[in-house]
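[1] return atomic coordinates for the entry below.
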Amino acid sequence: MSPRKPPDKRAHRFFPLERDDFFYPQGRTERYTIIEFSMIEGRSIETKKQLIRLLFERLQPLGISAQDLEITIFETPKHNWGFRGLPGDEHQLNYKIEV
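    All right, here's what the predicted structure looks like:
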């Protein structure tokens, strides 16, 4: 069984753009999509690669081809995060990050 985050741990931000304001590189279609993750460091390289593979696989049925999808993972140390009144490295989280 793979580790899961708590059901209440969701933070999504979407930045829709008008068609004329969105640049996409040559060879991409109108479905060109960029997905960026901002997360506390700790996941293994294999875990991050599996996330990327699953996104490529699961977005294809929605009409987003591998050519039209770009994924970036930004990781920062726990001490560079602040939430619920404390630096991230001072929190006791109820889910695993080191997976």
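
[2] which SS class is I35?
    Secondary structure for I35, judged by DSSP: H, G, I helix; E, B strand; the rest coil, is strand.

[3] show me where this protein has strands.
    With DSSP state E as the criterion, the chain has strands at 33-40, 69-76, 82-83, 86-87.

[4] please state the offset of the last one from the chain centre?
    In this case it means strand 86-87. Here strand 86-87 is found 22 Å from its chain centre; the criterion is Cα atoms, centre = their mean, to the nearest Å.

[5] can you check the first one too?
    On the basis of Cα atoms, centre = their mean, the separation between the geometric centre of strand 33-40 and that of its chain is 3 Å.

[6] what's the mean pLDDT across it?
    Per-residue pLDDT over strand 33-40 has a mean of 93.

[7] which residues does the residue nearest the centre of the chain contact?
    Nearest to the mean C-alpha position of the chain, by Cα atoms, centre = their mean, lies F37 at 2.8 Å. For F37, the contact set (Cβ atoms under 8 Å, 6 or more residues apart in numbering) comprises 51, 71-74. Where you see a C-beta, it was placed from the backbone N, CA and C, and this is true even at glycine.

[8] what's the burial count for T47?
    Look at T47: counted by other Cβ atoms under 10 Å, it has 13 neighbours.

[9] isn't it right up against I97?
    No - using Cβ atoms under 8 Å, T47 is not in contact with I97, being 10.0 Å away.

[10] pLDDT score for the residue located most distally from the centre of the chain?
    Distance from the C-alpha centroid of the chain peaks at D20, with 25.4 Å (Cα atoms, centre = their mean). Note on D20: pLDDT of 87.

[11] same check, this time on H79
    pLDDT, H79: 96.

[12] next, the contact list for it, please.
    Shown in contact with H79 (Cβ under 8 Å, 6+ apart): 87-89.

[13] sorry, back to before: so which of the strands of the chain comes closest to Q60?
    Q60 sits nearest to strand 69-76 of all these, at 8.7 Å, using Cβ to Cβ.
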